[in-house]
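**Q** need coordinates for the following:
(one chain, ligands or ions: 3)
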Amino acid sequence: MDSTPAPRTYRVKSFGCQMNVYDGDRMAELLAEQGIAPAAAGEDADLVVLNTCHIREKAAEKVYSDIGRLRREDGSVPLIAVAGCVAQAEGEEIMARAPSVKMVVGPQAYHRLPEMIRAASEGRRVTDTDMPARTKFDALPKRRRSGPTAFLTVQEGCDKFCTYCVVPYTRGAEVSRPHADLIDEAGRLVASGAREITLLGQNVNAWTGEDARGRTIGLDGLIRELAAIPELVRIRYTTSHPNDMTQGLIEAHGEVEKLMPFLHLPVQAGNDRVLKAMNRSHTVESYLRILEQVRAARPDIALSGDFIVGFPGETEAEFEDTLGLVDTVGYAQCFSFKYSPRPGTPAATMDGQVPLEVMDERLQRLQAALGRHQHAFNRASVGRTCQVLVERKGKHPGQWLGKSPWLQSVHFTGEVRVGDIVDVELVEAGPNSLGGRLTPPRT
Ligand code: SAH
Ligand code: SF4
Ligand code: F3S
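**A** Ligands and ions are numbered 1, 2, ... in the order given. Modelled structure (predicted):
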C-alpha cells in the first residue's frame, strides 16, 4: 500500500443544487479545522473533493472526466475524494472505474472525512455511504465566516418519489433539522456578516420543528422567528413542493416584510396525465390555485419553476400544455431540462421514451417562451426603485452587482461596499439582468 503525506491544502468543487454548495462549504470548514488550508488560486491542491450531482446523466458522467483531469503534468495525482450524490448512488462503481479515487463519501456521511483522510493517507481506499441516525450537522464545526448572502440547510431528503428522480435515493428520507440548531446557526451566520439567508431543502417547505415553547411549527414559523433577528435583512427559501405549500407559508408572504417576494415552485409539466405519470401528486389546476393565493398575499411576487420536457410518453399536445401553462403563469425565471433516464427510477423503464431530437426541439421552444417571459418581467421592473443587496464587484471599473428583492441581478456604479443594502432605481432591462442607478437613501 502506498502511503502519502497528510494533505496540507485542499480544494472542494461542488456541482448540482444549492444544498450541494452548502455541503461543499461545510466540508471546507471541516477541513480547515483539521489544519488543512485552501489551495491558492491556480495552484494544485494536495486533496481534492469532488462534490458531485447525480440528477441527470450528464452531471453524473462529469465526475469521471473531472477525475481524469486531476492528473498533474508529472503524472502524480492528488488525494481524491468523491462526495455528494454520485458517491451515494455509484460508490462501488467509482471505486472500480477510477483507481485514483481514494475516498467515496455520501452526502450524509461527510463529517467523517477527517478519519477517512487519515486512512487514505495510509494507503487505504475507503467508502462511507451510511445514512446515520445522528446527523452530520452535529459533528460539524460551528459557523464562523459568512459573506452577505448565506445558505442554511434546514431540511434534507425527499419522500415524494417522482418517477424520474434520484434524490429520494441519494439523499434519503425527509429529515428536518432541529429548530434550536437552526436558530443557533442562523445567529452565527448573521454575526459573521450574513444579511440574507436562504433556507434550503430538497423540499424545504416540508420542514417542521418544535419551537422553544414546545409548539410544533412549520417553515412559516421558522421564517417569522428568523425575521426577528435585527441584522438579518432578507430571508429566502428553496426548493418547495406544491403539496407542502401551507396556508401559513402563503400568508407569511403577505406579512413578513423580510421574506423576499420570490417563490420557486417547480411544476415540471403542464399536463395532468404527464404529472400523474411523474407521480407529482398535484394537478395543473391545484398548482395554479396555489399561485393565485400566493399572488393574492403578495401581489408583486416573482414566480419561478422547474420543467422537464420529453418525459416518457409525452406527446406533442401534452408538451403544448406545458407551453400554455408557462404563458398563463408568466414566470420571472425558470429552469428547464431534457428528461434524463436515471438508473433505478421507475420512469427509466417506462414505454414511450422520447427521441433526443424531439426533446431538443421541445426544450428550445420552451426556453424561448421562458426567456420571453423573463425579459418581459425584467422590462416591467424598469422604473421601480428597490433595495439591492450588494454582493460583489462587477466586470467594469466602479461597477457593483447585487440582487433585487425579486432575485434579479442588478448592476450599477457608485460608492458602496459589499454587504450594503442600497436603493437603486432600475433603469434598463436585459434578458438576464437589469441596469440600475444608485439613488440617495430616503430619510
Ligand atoms: N425537490 C425539487 C427539485 C429537485 S431536482 C422539486 O421537487 O421540485 C431539481 C430539478 O431537476 C427538478 O425540479 C426537475 O425539474 C429536474 N430533474 C430531476 N430529475 C430529472 C431527470 N431525471 N431528468 C431531467 N430533469 C430532472
Ligand atoms: Fe425529486 Fe420529486 Fe423529490 Fe423533487 S419532489 S426531489 S423532483 S422526487
Ligand atoms: Fe444533484 Fe444531489 Fe442536489 S443529485 S441536484 S446534488 S440533491
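
**Q** hey, which helix is longest across the chain?
**A** Of all the segments assigned as helix in the chain under DSSP state H, the longest by residue count is helix 356-381.

**Q** who does that one touch, helix- and strand-wise?
**A** strand 302-309, helix 316-329, strand 333-338, strand 421-429, strand 433-438 (3 or more C-beta pairs under 8 Å, 6 or more residues apart in numbering; DSSP states H and E). The C-beta positions use only the backbone N, C-alpha and C, and glycine is treated the same way.

**Q** mind listing what D327 touches?
**A** 369, 373 (C-beta atoms under 8 Å, 6 or more residues apart in numbering).

**Q** got it, and Q367?
**A** Q367 neighbours (C-beta under 8 Å, 6+ apart): S336.

**Q** how far away is it from ligand 1?
**A** For Q367, the distance to ligand 1 equals 13 Å [C-beta to the nearest ligand atom, to the nearest Å].

**Q** coming back round to it: which one of the helices and strands packed on helix 356-381 is the most hemmed in?
**A** Among the helices and strands packed on helix 356-381, strand 302-309 has the highest mean neighbour count (mean count of other C-beta atoms under 10 Å), at a mean of 22.

**Q** turn the helices and strands packed on helix 356-381 into TSV, including mean pLDDT and distance to L199.
**A** What follows is the helices and strands packed on helix 356-381, written out as TSV (pLDDT from 0 to 100; distance: least, C-beta to C-beta, whole Å):
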stretch	mean pLDDT	distance to L199
strand 302-309	98	16
helix 316-329	98	23
strand 333-338	98	19
strand 421-429	97	19
strand 433-438	97	25
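
**Q** as JSON lines, those with distance to L401 would be great.
**A** Below are the helices and strands packed on helix 356-381 laid out as JSON lines (distance: least, C-beta to C-beta, whole Å):
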{"stretch": "strand 302-309", "distance to L401": "18"}
{"stretch": "helix 316-329", "distance to L401": "27"}
{"stretch": "strand 333-338", "distance to L401": "16"}
{"stretch": "strand 421-429", "distance to L401": "11"}
{"stretch": "strand 433-438", "distance to L401": "8"}
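
**Q** residues from the stretch 151-300 of the chain in reach of ligand 2?
**A** Contacts of the stretch 151-300 of the chain with ligand 2, taken as C-beta under 6 Å from any ligand atom, map to 158, 160-162, 165, 167-168, 202-203, 241.

**Q** could you count how many residues lie near V154?
**A** 25 (other C-beta atoms under 10 Å).

**Q** quick one, what contacts it?
**A** 176-177, 182, 199-201, 204, 207, 219, 222.

**Q** turn the residues you listed into a markdown table, columns for neighbour count.
**A** Below are those laid out as a markdown table (neighbours: other C-beta atoms under 10 Å):
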| residue | neighbour count |
| --- | --- |
| S176 | 20 |
| R177 | 19 |
| L182 | 23 |
| L199 | 22 |
| L200 | 24 |
| G201 | 29 |
| V204 | 26 |
| W207 | 28 |
| L219 | 27 |
| L222 | 25 |
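
**Q** list the buried residues in the helix or strand encompassing V294.
**A** In the assignment (DSSP states H and E), V294 maps to helix 284-297. Of all the residues in helix 284-297, those buried under the rule 16 or more other C-beta atoms under 10 Å are 284, 287-288, 290-291, 293-295, 297.

**Q** in PyMOL, select just the buried ones from the residues of the stretch 151-300 of the chain next to ligand 2.
**A** To isolate the buried members of these in PyMOL, using 16+ other C-beta under 10 Å:
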select buried, resi 158+160+162+165+167+168+202+203+241
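
**Q** list the buried ones in the helix-or-strand element of the chain with minimal mean pLDDT?
**A** None of the helices or strands of the chain scores lower by mean pLDDT, DSSP states H and E than helix 136-139, at a mean of 88. Using 16+ other C-beta under 10 Å as the test for burial, helix 136-139 gives 136-137.

**Q** I'd like the next helix or strand past that helix.
**A** strand 149-153.

**Q** hmm, that following strand in reach of ligand 1?
**A** No: if you take C-beta under 6 Å from any ligand atom as the test, strand 149-153 misses ligand 1, and the best it gets is 13.1 Å.

**Q** other SSEs contacting that strand?
**A** Strand 149-153 packs on helix 18-33, helix 179-191, strand 196-200, going by 3+ C-beta pairs under 8 Å, 6+ apart.

**Q** pick the most buried one from those.
**A** It is strand 196-200: most buried of the helices and strands packed on strand 149-153 by mean count of other C-beta under 10 Å, with a mean of 23.

**Q** paired strands for that strand, with orientation please.
**A** Its sheet considered, strand 196-200 pairs with strand 149-153 (parallel), strand 234-238 (parallel) by DSSP bridges.

**Q** starting at the chain centroid, how far to the next helix-or-strand element following it?
**A** Later in the chain than strand 196-200, the nearest helix or strand by DSSP H and E is strand 208-210. When C-alpha coordinates are averaged (C-alpha atoms, centre = their mean, to the nearest Å), strand 208-210 and its chain have centres 22 Å apart.

**Q** once you drop chain neighbours, what's closest to the one residue in the stretch 251-400 of the chain that gets nearest to ligand 3?
**A** As assessed by C-beta to the nearest ligand atom, ligand 3 sits closest to R342 within the stretch 251-400 of the chain, at 9.2 Å. Nearest residue to R342, sequence neighbours excluded (C-beta to C-beta, 6 or more residues apart in numbering): V166, at 4.8 Å.

**Q** whatever residue of the stretch 201-350 of the chain ends up closest to ligand 3: what's it in contact with?
**A** Here the stretch 201-350 of the chain gets closest to ligand 3 at one residue, Q202, 6.0 Å apart by C-beta to the nearest ligand atom. Neighbour list for Q202: 17, 19, 155-158, 167, 171, 174, 239 [criterion: C-beta under 8 Å, 6+ apart].

**Q** any chance of the helices and strands packed on strand 149-153 in TSV, with distance to Q364 and mean pLDDT too?
**A** Formatted as TSV, these follow (distance: least, C-beta to C-beta, whole Å; pLDDT from 0 to 100):
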stretch	distance to Q364	mean pLDDT
helix 18-33	26	95
helix 179-191	40	96
strand 196-200	30	98
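
**Q** between those, which gets nearest to ligand 1?
**A** Nearest to ligand 1 among the helices and strands packed on strand 149-153 is helix 18-33; the distance by C-beta to the nearest ligand atom comes to 9.4 Å.
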